[in-house]
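K.L.:
model this:
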Amino acid sequence: MNIKIFVLHMAIVISSGLLFVNLYNSVVDAPNWGHQLPKSIDVARNYFAFKSPADFFKFNAPLVHIIGINCVIRFWKTDKKIRWYHVTALVAILLNDLLTFVFFLPLNEILFGDMQDITLIQKAFHQWSVLNWFRSFVLAVMPVMYSLSLNRYLQMLLKGI
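P.N.:
Predicted coordinates for the structure are as follows:
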């Protein structure tokens, strides 16, 4: 198997995994966290006492970085359009990091830390809920770009046959 095709498949799988876990958090977890504040956030804090979605993201985020950088390097000279698909995906990866460190980690600390101020918890929950949909959009850019790249690369290979 062509290593470039394998790398693109891995990029699509891993970036799609991040997207769908993030969507799961928005569709299933977050509504439960905010259902009957402050009681519901206490239930969530107890539920996440051992493991949380952060454990998934801590493992997979570095993986998406490695694959993203690998794709930019590996495909740089292949085709100008393919190059920009990969640069766009890498920008989305970095934008996701920026969102995570600037917004989500502080909001998670309020929601899942020791904070007891219900007004601040409600505000943090609302901000988290709205921003997470934006983060899902950013995460969706990655598998779309990798899929477009794979499509273009396969077309180039087929023309060469």
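
K.L.:
Show me where the protein has its helices.
P.N.:
Remark: helices assigned in the chain by DSSP state H are 3-24, 30-33, 39-47, 53-75, 80-99, 105-112, 118-159.

K.L.:
so can I have a markdown table of the ones you listed showing mean neighbour count and mean pLDDT?
P.N.:
Bear in mind the C-beta positions are built from the backbone N, C-alpha and C, glycine included. What follows is the helices of the chain, written out as a markdown table (neighbours: other Cβ atoms under 10 Å; pLDDT from 0 to 100):
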| stretch | mean neighbour count | mean pLDDT |
| --- | --- | --- |
| helix 3-24 | 17 | 94 |
| helix 30-33 | 16 | 92 |
| helix 39-47 | 15 | 91 |
| helix 53-75 | 16 | 91 |
| helix 80-99 | 18 | 97 |
| helix 105-112 | 17 | 94 |
| helix 118-159 | 16 | 96 |
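
K.L.:
Find the nearest non-adjacent residue to Gly34, please.
P.N.:
Phe125 (4.7 Å; Cβ to Cβ, 6 or more residues apart in numbering).

K.L.:
Do I have it right that that neighbour meets Trp33?
P.N.:
Yes - the criterion here is Cβ atoms under 8 Å, and Phe125 meets it with Trp33 at 6.4 Å.

K.L.:
Find residues that contact each of the two.
P.N.:
The contact sets of Phe125 and Trp33 overlap at Ile41, Leu111 (Cβ atoms under 8 Å, 6 or more residues apart in numbering).

K.L.:
thinking again about what came up before, and the residue nearest to Gly34, what does it touch?
P.N.:
By Cβ under 8 Å, 6+ apart, the contact set of Phe125 is Ala30, Trp33, Gly34, Leu37, Ile41, Leu111.

K.L.:
out of these, who's nearest His86?
P.N.:
Ala30 (31.2 Å; Cβ to Cβ).

K.L.:
Distance check, the closest one against Leu8.
P.N.:
Between Ala30 and Leu8 the computed distance is 32 Å (Cβ to Cβ, to the nearest Å).

K.L.:
Provide a list of residues in contact with Trp76.
P.N.:
By Cβ under 8 Å, 6+ apart, the neighbours of Trp76 are Arg83.
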